[in-house]
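Asker: coordinates only, no sequence provided:
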């Protein structure tokens, strides 16, 4: 057992009140919690110091710092124990401190313990069950993935079939070396999770709501309800993807079975409470699309289950594989990919939504304009705002379509058969407006072709896209004309819709600035807004569509 060097304590600063850079760093340091049955433990005991201890404090209701001496007062009190390079006594103390359904997370930097098998033996000697080992890649401090060691299928998927980069020889060689290092446990730290009782390894819910409910445990065959995906939960291994730039970026657990390099399904989880709404919206939109087309919309995942997960949310979906469109984009295939995306959005628009109860002006346009003026008012030209309002009042009744609202080259994937896969529906709007997704997509497709992410010449790229005499401008005009003719909308509405796209998307930028500064952004921060700059470019150079 263990005594405390200090009493139980709570985080002095609420998570939501931390500046984004601090909050993001600490929460990501504890992303391994999404491999546990409960990512938000009520009581934790920490045999560690520094940033790991601070991260545990942030995710727990209360946290105790463990001291070196034994003490009977902590027996069976905690939901989670965390330790760095634990010796036998520390592992045993962690075991004794846990409740019957408790979990233990450890990080091993010292090479004296050996590899995965030695760590598993040390856990089992202390009494733990269901031990699984992981490698945070590339490191715990800037982790993009938690790799399940002993599961070559998941490692092959991540390193050889990964979706993040083009597959030149250098990338292939780097992936092969990384795969070998991960399999052999050559890079530290190695991380391990164990459970107080075998029963704690398997959540009592017979569902696939979270990866913590699927580790080794009882042999009951809890199965996924989707056709063709029946699998015993205890047979699954999990690859945890923790990329994305911000705290609101979701965590994605990818489920694998033995000798199958293709994932069986995925579980998306909200890292923080304010991300729950977006995940709820994604689940609602995907189910609405399935109701409109029961056979399924090509390239769109289907929701399997959703449930509360430690006060957050977990949504299980069918797995869709592919590579991001921007990773395969070349000048030679630019037009073909743009037209393929146009046709995909035409098909999506054919799934007409029931008419909204309120007009599009009061439901979408007016709130967006109001938010735009309130958020960016200190830097906006009042005359340009008036001009925007006047142009938007020319919009007549438009078809009600489903907007993905983040239809961009990083969310549109190319499947192995060449079909498009569209992920991340967290910003979607079932009662949206036509052409909005296409305008957003074509603008960003040109950004990637023009390499503006390194040059910073966003406005010049956008201006070229407005000019049909340029390469990107000719393709954009062809795609927008094709969309308008096939959806039955008048081409005259495209320019006001282009303005509205940037007005609506500026909301997300403003929220990022608020999170970064933990309060109201300064005018100099607002002036960095890309979407405000694109709105100004559209007013100055848009002309006729």
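Answerer: All right, it came through fine. Because the structure is a prediction, the values reported are computed rather than measured. Numbers count the residues shown, from 1 in each chain.

Asker: does residue 438 touch residue 341 like I think?
Answerer: Yes - using Cβ atoms under 8 Å, residue 438 is in contact with residue 341, at 7.4 Å. The C-beta positions use only the backbone N, C-alpha and C, and glycine is treated the same way.

Asker: and the closest residue to residue 488 other than its chain neighbours, how many neighbours?
Answerer: Spatial nearest neighbour of residue 488, chain neighbours left out: residue 399 (7.2 Å); criterion: Cβ to Cβ, 6 or more residues apart in numbering. By other Cβ atoms under 10 Å, the residues close to residue 399 number 17.

Asker: which residues sit in contact with residue 399?
Answerer: Taking Cβ atoms under 8 Å, 6 or more residues apart in numbering, we find residue 399 in contact with 349, 352, 434, 487, 488, 489.

Asker: for residue 431, see how far away it is.
Answerer: Distance, residue 399 to residue 431, by Cβ to Cβ, to the nearest Å: 11 Å.

Asker: one more: residue 407?
Answerer: Distance from residue 407 to residue 431, counting by Cβ to Cβ: 16 Å.

Asker: coming back round to it: three-state assignment of the residue nearest to residue 488?
Answerer: Following DSSP: H, G, I helix; E, B strand; the rest coil, we place residue 399 in the coil state.

Asker: ramachandran angles for it?
Answerer: Main-chain torsions, residue 399, degrees, to the nearest 10: phi -60, psi 140.

Asker: and it, how close does it get to residue 75?
Answerer: As judged by Cβ to Cβ, residue 399 and residue 75 stand 65 Å apart.

Asker: and the protein, what are its domains?
Answerer: Listed by automatic domain parsing, the domain ranges of the chain are 1-134+185-201, 203-320, 323-541.

Asker: what's the weakest-modelled helix or strand in the chain?
Answerer: Least confident helix or strand, the chain: strand 4-9 with a mean of 44, by mean pLDDT, DSSP states H and E.

Asker: about what we covered before: farthest-separated two in the contacts of residue 399?
Answerer: Greatest spatial distance among those (Cβ to Cβ): 352 and 489, at 12.5 Å.

Asker: of these two, give the one with the bigger neighbour count.
Answerer: More crowded of residue 352 and residue 489, by other Cβ under 10 Å: residue 489, with 20 against 12.

Asker: is that one in a helix, a strand, or coil?
Answerer: At residue 489 the chain is in coil, as set by three-state DSSP.

Asker: residues contacting it?
Answerer: For residue 489, the contact set (Cβ under 8 Å, 6+ apart) comprises 398, 399, 434, 435, 483.

Asker: okay, and the last one sits in which element?
Answerer: In other words, residue 483. Residue 483 is part of helix 471-487 when elements are defined by DSSP states H and E.

Asker: residue 421 against residue 318, yeah?
Answerer: No - judged on Cβ under 8 Å, residue 421 makes no contact with residue 318 at a distance of 10.8 Å.

Asker: state the distance from residue 370 to residue 383.
Answerer: Distance, residue 370 to residue 383, by Cβ to Cβ: 18 Å.

Asker: do the same with residue 107
Answerer: Computed as Cβ to Cβ, the residue 107 to residue 383 distance reads 58 Å.

Asker: of these two, who's got more company?
Answerer: Per other Cβ under 10 Å, whichever of residue 107 and residue 383 has more neighbours is residue 107, with 20 against 9.

Asker: show me where pLDDT drops low in the stretch 401-545 of the chain?
Answerer: 544-545 (pLDDT under 70).

Asker: in it, which spans are strands?
Answerer: Taking DSSP state E, counting those that start in this stretch to define them, one finds strands in the stretch 401-545 of the chain at 401-403, 412-414, 420-422, 429-432.
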